[in-house]
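Asker: Model the following, please.
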Amino acid sequence: NPAMTQDRVWWVADVLAGLDAYPAYYVHMAPANSRGPSAVGLGAPRPADRSAVAGRIAAGDWVVDLRGRAAFADAHVAGTVNIGLDGQFSTYLGWLVPWGASLTVLGDTAEQVAEAQRELVRIGIDRIDGAATGEPSQWSDRALGSYRRAAFTDLAAVRHHRHVTVLDVRLAGEFASSHVDGALNLPLHELSEHLDDIPAGEVWVHCASGYRASVAASILATRAIPVVVVDGSFDEQAAHAGLPLTDGAVETTSHRA
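Answerer: Sure thing, here's the model as predicted:
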């Protein structure tokens, strides 16, 4: 059994090398587990006022809005990224945020912030640099951002009238199994590195359920890319909406390393 004979860190590295894609934080967890537990403080993060939030966004720090995707789409602080607690929060935050990067979180309540802390500790992120609670209007003096949420039926309808870019942020394997004809595949974890590959104009972004698409839409919005998030089940709704689909193993436009 290789797990019994190899050094633990190298065994984990071998396993990860055989996967299609895996969260970036995995490579840090094996060494951390080898070192054993360290003292973790779950006290409330330092409060971040409007000025602090604005400064961290201007500095390029990660400011993450913990609210659900509908609330974020309706109103959010420009420059923030939506990774909601109502989905695989720690998985995607750990996948997207560079290890050790400064992190500030925004939530409805202190309980939301505490929940985020508990989830992040499980993946080895034991420090949040700041937090704010309440409503978006309390976090910024500037005009709030927003974008449209739509259904797959809306996407089918708009494609009859004008050209839009359809961005599929599922994994390459999901895309190869079935996708909207003409869609561009940039898996969520690769999106930030390939924003310049997205054609100019309006982008309609979808995933399998709406969660990853909402994260992607918020990232696009930080670059002032006009975006509509398709919030719904691809498997249950895309075909019924009348969208032309391609099934089976095909070459994708994913930028996998």
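Asker: CA atoms for contacts and neighbours, from now on please.
Answerer: Noted.
Asker: Contacts only, for Leu144.
Answerer: Counting by Cα atoms under 8 Å, 6 or more residues apart in numbering, Leu144 touches Ala75, His76, Val77, Ala78, Pro136, Ser137.
Asker: which of the residues you listed count as buried?
Answerer: Burial by neighbour count, 16 or more other Cα atoms under 10 Å: within the contacts of Leu144 this picks out Ala75, His76, Val77, Ala78, Pro136.
Asker: Correct me if wrong: the fourth one contacts Arg223.
Answerer: No: under the criterion of Cα atoms under 8 Å, Ala78 is not in contact with Arg223, lying 9.7 Å apart.
Asker: where in the stretch 101-250 of the chain is pLDDT low?
Answerer: Across the stretch 101-250 of the chain, the ranges flagged by pLDDT under 70 are 248-250.
Asker: Strands of that one, start to end?
Answerer: For the stretch 101-250 of the chain, applying DSSP state E, counting those that start in this stretch gives strands covering 103-107, 130-133, 148-150, 165-168, 178-180, 184-185, 203-206, 227-230, 245-247.
Asker: buried ones in the last one?
Answerer: Along strand 245-247, the positions that meet the burial threshold by neighbour count (16+ other Cα under 10 Å) are Thr246.
Asker: who touches that strand?
Answerer: Counting by Cα under 8 Å, 6+ apart, Ala176, Ser177, Ser178, His179, Val180, Asp181, Ala239 sit against strand 245-247.
Asker: closest one to Gly94 among the strands of the stretch 101-250 of the chain?
Answerer: Ranking the strands of the stretch 101-250 of the chain by proximity to Gly94 (Cα to Cα) places strand 103-107 first, at 11.1 Å.
Asker: Kindly check the end-to-end length of stretch 52-65 for me.
Answerer: One end of stretch 52-65 to the other measures 15 Å (Cα to Cα, to the nearest Å).
Asker: Show me where the stretch 151-257 of the chain has its helices.
Answerer: Using DSSP state H, counting those that start in this stretch, the helices of the stretch 151-257 of the chain run over 152-158, 172-177, 188-191, 211-222.
Asker: Switch these over to a markdown table; also include distance to Ile125 and mean neighbour count.
Answerer: Output for the helices of the stretch 151-257 of the chain, formatted as a markdown table (distance: least, Cα to Cα, whole Å; neighbours: other Cα atoms under 10 Å):
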| stretch | distance to Ile125 | mean neighbour count |
| --- | --- | --- |
| helix 152-158 | 36 | 17 |
| helix 172-177 | 27 | 19 |
| helix 188-191 | 18 | 20 |
| helix 211-222 | 19 | 25 |
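Asker: mind checking which of the ones you listed is nearest Leu103?
Answerer: Once those are compared by Cα to Cα, helix 211-222 is nearest, at 15.3 Å.
Asker: next one: the closest one to chain centre, how far?
Answerer: Relative to the chain's own centre, helix 211-222 is displaced by 6 Å; criterion: Cα atoms, centre = their mean, to the nearest Å.
Asker: List the contacts of the nearest residue to Ser102 once chain neighbours are set aside.
Answerer: Counting by Cα to Cα, 6 or more residues apart in numbering, the nearest residue to Ser102 once its immediate chain neighbours are dropped is Asp61, at 5.8 Å. Neighbour list for Asp61: Ala101, Ser102, Leu103, Thr104 [criterion: Cα under 8 Å, 6+ apart].
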